[in-house]
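[1] this one's structure only:
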C-alpha cells in the first residue's frame, strides 16, 4: 500500500517497499525549481531522513523531463532564487539526505537539473536523456555543485571540457564514463530506478546508511586515520540487532526481517 501527498509542486509517494518517490511536478516549466519547490524538497528530505521506514528515495520529474534547474522566469521577475536555508540550491545540492538518493532522469537534466542529478547517489537515465552544464554559454557559472562534483565523477579533462563548452552530454556517453548507473528505455527511467532502489531497500538499513556515510566522508580523511574513522561509523552496525538478524537469516536460509536497530 502506498500513500501520496503534494506540497508546492512536489509529490511525495511512499511505497510499501520502503522506497519514497519525490516527483517535481511543474511540467509546464520543464520542472524548473522555484523557491517554494526548493523548500518543499528540503522539507520532504528532512521528513524522510527521520523516518526509519524510508530506506531509499527516488527523485524524478513529471511530464517526461527531469528538471531545467532554476526557474528563470521567477528570477527575472522578482530576483527569486531557489535556495533553501538548510540544504542550499534546489533544496538538496548543498546538503543531500543521509538516505540513499536515486535520480530517475527522463528528457533533459541541464544546468541546475544536472546539478540536482549529480547530488544524488545513483543516476538512472532514459536512453534519450541529455545532461549538461550550459551556464558558460549564457555568461554564467554552474554554482549549484556541478563544478565541484563533476570532476570527481569523470576524468578531469572530460569534466573540464563539459564545463567549459557547455555542450550536451548524451545518456550513452555518461554511462560510458561511469556517470550513469543504468540506461533505461525511453519512458522507463522511473521503473528502472525503482528496481534499483528496491534492491537497496532490501538490505539492512543501518548498514546501508553507514556504507553511504563512509563512502562520502572518507574522501576527506587522512590515510593514517581512515580505518579508525571508519570503525567509529561501522562498529555500531556490527553490534546491532540487524547484524544478528542478518547472520541468523543467512544460516536459516530465509529472508532477513530488518528492524533498523
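    Thanks, I have it. What you are looking at is a predicted structure, and each value in this text was computed from that prediction instead of being measured.
[2] only C-alpha atoms for contact and neighbour calcs from this point on.
    OK.
[3] any idea how far the spatially most central residue of the chain is from residue 237?
    Centroid-nearest residue in the chain: residue 120, 2.3 Å away (criterion: CA atoms, centre = their mean). Distance of residue 120 to residue 237, computed by CA to CA, to the nearest Å: 24 Å.
[4] Adjacent strands (with direction) for the helix or strand residue 104 falls within?
    Element membership for residue 104, per DSSP states H and E: strand 101-105. Within its sheet, strand 101-105 is paired with strand 56-61 (parallel), strand 122-126 (parallel), according to DSSP bridges.
[5] mind listing what residue 14 touches?
    Residue 14 is in contact with 2, 3, 4, 20, 21, 54, counting by CA atoms under 8 Å, 6 or more residues apart in numbering.
[6] Measure how buried the nearest residue to the first one once chain neighbours are set aside is and give me the count.
    Nearest-residue entry for residue 2: residue 15, 4.5 Å, with adjacent residues in sequence omitted and distances by CA to CA, 6 or more residues apart in numbering. In terms of burial, residue 15 registers 16 neighbours under the definition other CA atoms under 10 Å.
[7] cool, and residue 62?
    A total of 20 residues lie near residue 62 under the criterion other CA under 10 Å.
[8] Next: the one 5 residues further on.
    Neighbourhood size, residue 67 [other CA under 10 Å]: 32.
[9] now do residue 72
    The tally of other residues near residue 72 (other CA under 10 Å) stands at 18.
[10] Just the local confidence number for the nearest residue to it once chain neighbours are set aside, please.
    Nearest non-adjacent residue to residue 72, counting by CA to CA, 6+ apart: residue 32, 8.0 Å away. The per-residue pLDDT reported for residue 32 equals 95.
[11] Pretty sure residue 32 sits against residue 73.
    No. Using CA atoms under 8 Å as the test, residue 32 is too far from residue 73 to be in contact (9.4 Å).
[12] on that earlier part again, looking at it, the residue nearest to the centre of the chain is touching residue 101, isn't it?
    Yes. Using CA under 8 Å, residue 120 is in contact with residue 101, at 5.1 Å.
[13] Distance-wise, check residue 62 relative to residue 247.
    Distance from residue 62 to residue 247, by CA to CA: 41 Å.
[14] still on that earlier bit, how about the residue nearest to residue 72, what does it touch?
    Here residue 32 is in contact with 26, 67, 68, 69, 70, 71, 72, 113 (criterion: CA under 8 Å, 6+ apart).
[15] go again using 10 Å as the cut-off
    Under the criterion of CA atoms under 10 Å, 6 or more residues apart in numbering, the neighbours of residue 32 are 24-26, 38, 61, 65-74, 82, 90, 112-113.
[16] Buried members of these into ChimeraX, please.
    Of those, the buried ones can be selected in ChimeraX as follows, counting by 16 or more other CA atoms under 10 Å:
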select :24,25,26,38,61,65,66,67,68,69,70,71,72,74,82,90,112,113
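[17] can you tell me which of the contacts of residue 32 are in helices?
    38, 72, 73, 74, 112, 113 (DSSP state H).
[18] so the fifth one makes contact with residue 90?
    What it means is residue 112. Yes. Here residue 112 reaches residue 90: they are 7.9 Å apart, a contact under CA atoms under 10 Å.
[19] overlap in contacts of those two?
    Shared contacts of residue 112 and residue 90 (CA under 10 Å, 6+ apart): 32, 33, 69, 70, 71, 144.
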